[in-house]
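**Q** The sequence and its predicted three-dimensional model are supplied below.
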Amino acid sequence: MSILIKDVRYLTRDGVRKGSIYIEENLISEFKANEADVVIDGRGKLAIPGLVNLHTHSPMVLFRGYGDDMELHEWLEKRIWPLEKKLTKKLVYWGSKFAIAEMLLNGITTFNDMYFFMDGVAKAVEESGIRGFLGETLLFDKGVKETKKLVKRKYKRVVPTVAPHSIYTCSEELLEWARDFAREKGLLIHIHLSETRKEVYDSLKKGKRPVEYLESLNFLGESVIVAHAVWVTVNEMKLLSKRKVSVAHCPISNAKLASGVAPVPEMLKLGVNVGLGTDGAASNNSLDLFQEMKFCALIHKVYRWDPTLANAKEVFEMATLGGAKALGLDAGEIAEGKLADMVLLNEKSVGFQPLFDPFSNLVYSKPRVTDVIVDGRLVVRDGKILTFDVGETLREVERVIREMVHR
């Protein structure tokens, strides 16, 4: 299928340009064309690269608002883990499908997910048209069998990953298995790291800080994405940079759980690749990277008393190029030859004008998404998802939640 977006203003790394964007198969082909299978009138719209949610747990949308205002480890042990014992593949499928609806309508074209029953999430990804990097959580020496199964299956827009939960829930043997299996299969590794002070203190009792511990296992590398990295030292940041590890920064979740403020400005100065993630809807409570961008910019300014930090363009590139680079996608910008992951916004919407600086409005205002293209396929048109029935999904989510709570 080919798509032509006519007379549209589109965002490049250098600013806004105007013209027509032609998409052939799943690539941006050229900026001058007259006809295509699908033609979109781009007048009054702004085209931006698709947003990349670099760290989330999509089925946890089922737990939105459940167990708020608690410290992380208490929240996990007393609220989340007991409820997760009741999960089934059906629950995970409907929960992830509902989460995908929220992400698509917020301009997210790719997400990096870690959870259980990931074959259910994969089914939702394939049906919805979004792109998902999916890893079965390796937790307390479980998940190896499911990870191997996920890797064997063939998908269109699902990329399997290896997802050890954290250093405090995985044995050294399990972390070493994850390292070796990922390298053997050429897969990305997705792991929580240095999210809380408690995690660091517990690690230090064993002799090393979390980043140092993973380094001692020869675990770190370009294929590793660490979520949070809130409590890392300068030396640890230098090590992450040296090993070309990417960081998924989740500022809203970190603030809500009072985990802390990750030293992102310092990471960027040291050359660490940083992307943005929402975390799960149980600890955010939204799957909205526009919200995440705004909060990211604000929290670093106020935390350092410096309004020049985390500027709008820098933060927007975290949500696009940073995430794409971490996942090895040739995407994150609108340019010829790049993957056709693109979002159209209503440029004339109230709250988005005047448009002195597009990066500023994208980060500090609330854009309205009208159309979403993923991998060259139109999946949202005029604010409506084309690939599945959102109303049916909501009804099923309400039903399966009642079943889960009853059990």
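**A** Cool, the structure landed.
**Q** center of this protein - which residue?
**A** In the chain, the centroid-proximal residue (Cα atoms, centre = their mean) is Asn53; its distance is 1.7 Å.
**Q** Assign a three-state SS to that one, would you?
**A** Recorded secondary structure, Asn53: strand (DSSP: H, G, I helix; E, B strand; the rest coil).
**Q** Distance of it relative to Phe219?
**A** 24 Å (Cβ to Cβ, to the nearest Å). All C-beta atoms are positioned from the backbone trio N, CA, C, and that covers glycine.
**Q** Likewise for Thr278?
**A** From Thr278 to Phe219 the distance is 25 Å (Cβ to Cβ).
**Q** So for the two, which sits in the more crowded spot?
**A** Of the pair Thr278 and Phe219, Thr278 is the one with more neighbours under other Cβ atoms under 10 Å, namely 31 against 21.
**Q** So Ile21 belongs to a helix, correct?
**A** No - assessed with three-state DSSP, Ile21 is strand; it does not lie in a helix.
**Q** Just to check, Leu276 is in contact with Thr320?
**A** No - Leu276 is beyond contact range of Thr320, at 9.0 Å (criterion: Cβ atoms under 8 Å).
**Q** Overlap in contacts, the two.
**A** By Cβ atoms under 8 Å, 6 or more residues apart in numbering, Leu276 and Thr320 have these common neighbours: Val52.
**Q** How is the chain divided into domains?
**A** 2-50+342-385, 56-327 (automatic domain parsing).
**Q** winner for burial among those?
**A** Most buried of the domains of the chain, by mean neighbour count (mean count of other Cβ atoms under 10 Å): domain 56-327, with a mean of 21.
**Q** Can you classify Tyr155 as helix, strand or coil?
**A** coil.
**Q** Tell me the pLDDT of it.
**A** Here the pLDDT value assigned to Tyr155 is 94.
**Q** For it, which residues are in contact?
**A** Contacts of Tyr155 (Cβ under 8 Å, 6+ apart): 122, 125-126.
**Q** would you list the residues you listed in TSV and tack on distance to His300?
**A** Listed next are those as TSV, based on distance: Cβ to Cβ, whole Å:
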residue	distance to His300
Ala122	35
Val125	32
Glu126	37
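**Q** for those residues, which one is nearest Ala101?
**A** For the contacts of Tyr155, the residue nearest Ala101 by Cβ to Cβ is Val125; the value is 12.2 Å.
**Q** nearest residue to the closest one other than its sequence neighbours?
**A** Nearest residue to Val125, sequence neighbours excluded (Cβ to Cβ, 6 or more residues apart in numbering): Gly132, at 4.0 Å.
**Q** wait, what's in contact with that neighbour?
**A** 110-113, 121-122, 125, 157-159.
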